[in-house]
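Student: let me see the structure of the following:
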Amino acid sequence: SVELEVVKKEQRLQKNRQAAKECRRKKKEFIASLEERIRELERINEQLTGDLKRANHKIKLLQEGAHGGSGGSGGGGGSTPVSGPTPIAAAASTTPTSAAPAAVASASTAAVAVATPSSASKAKRASITSPSQATAAAAAAPAATETAA
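Tutor: Purely as a prediction, here's the structure:
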């Protein structure tokens, strides 16, 4: 009976060692998948940040053009400076660089909202639900704005 208890204890310890080994393996796999997801989200964030900067630049150019521009009249005319940050720049400055996709997507949606103010684009903005859709919409927005101008 003492030998039986020793055997059962040894079996239980062996089973526990095996379970612990499996748990450590699964934890390593999980951490590796999280690290891969971080790299993917950082890449998407960089892409969206670039899209946002391009959209802000386009807005600045459009605003300067709407305020008179340099139209060739010579002399002191020039463009009227835009005061304060654009709504997109304000949204971007409050979004940390390691932001969650939802925060980045909302900033990209804002870029589409300001860059394409037509009623058709409002319906388009309402349908954007993911960062990749926001990126595609932001990429399409400059082309739509150029054809309208």
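
Student: avg pLDDT for the helix or strand harbouring Val6?
Tutor: Taking DSSP states H and E as the criterion, Val6 maps to helix 2-66. Averaged across helix 2-66, pLDDT comes to 97.

Student: report all helices and strands that it contacts.
Tutor: Helix 2-66 sits against helix 87-94, helix 101-115, helix 131-148, with contacts defined as 3 or more CB pairs under 8 Å, 6 or more residues apart in numbering; DSSP states H and E. No exception for glycine: its C-beta is placed from N, CA and C like everyone else's.

Student: lowest mean pLDDT across the ones you listed, which one is that?
Tutor: helix 101-115 - the lowest mean pLDDT of those, at a mean of 44.

Student: CA atoms only for stretch 55-67 - export them in CSV, please.
Tutor: C-alpha atoms of stretch 55-67 as CSV (Å, rounded to 0.1, in the frame of the first residue of the first chain):
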residue,chain,number,x,y,z
ALA,A,55,-4.5,64.4,-46.2
ASN,A,56,-3.6,67.3,-43.9
HIS,A,57,-1.2,68.6,-46.5
LYS,A,58,-3.9,68.4,-49.2
ILE,A,59,-6.4,70.2,-46.9
LYS,A,60,-3.8,72.9,-46.2
LEU,A,61,-3.3,73.4,-50.0
LEU,A,62,-7.0,73.4,-50.6
GLN,A,63,-7.6,75.9,-47.8
GLU,A,64,-4.9,78.2,-49.1
GLY,A,65,-6.4,78.0,-52.6
ALA,A,66,-9.9,78.9,-51.2
HIS,A,67,-8.5,81.9,-49.5
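
Student: what residues of that stretch count as buried?
Tutor: By 16 or more other CB atoms under 10 Å, the buried positions in stretch 55-67 come out as 55-56, 58-59, 64.

Student: state the pair within these that is farthest apart.
Tutor: Greatest spatial distance in those: Ala55 and Glu64, 15.0 Å, computed using CB to CB.
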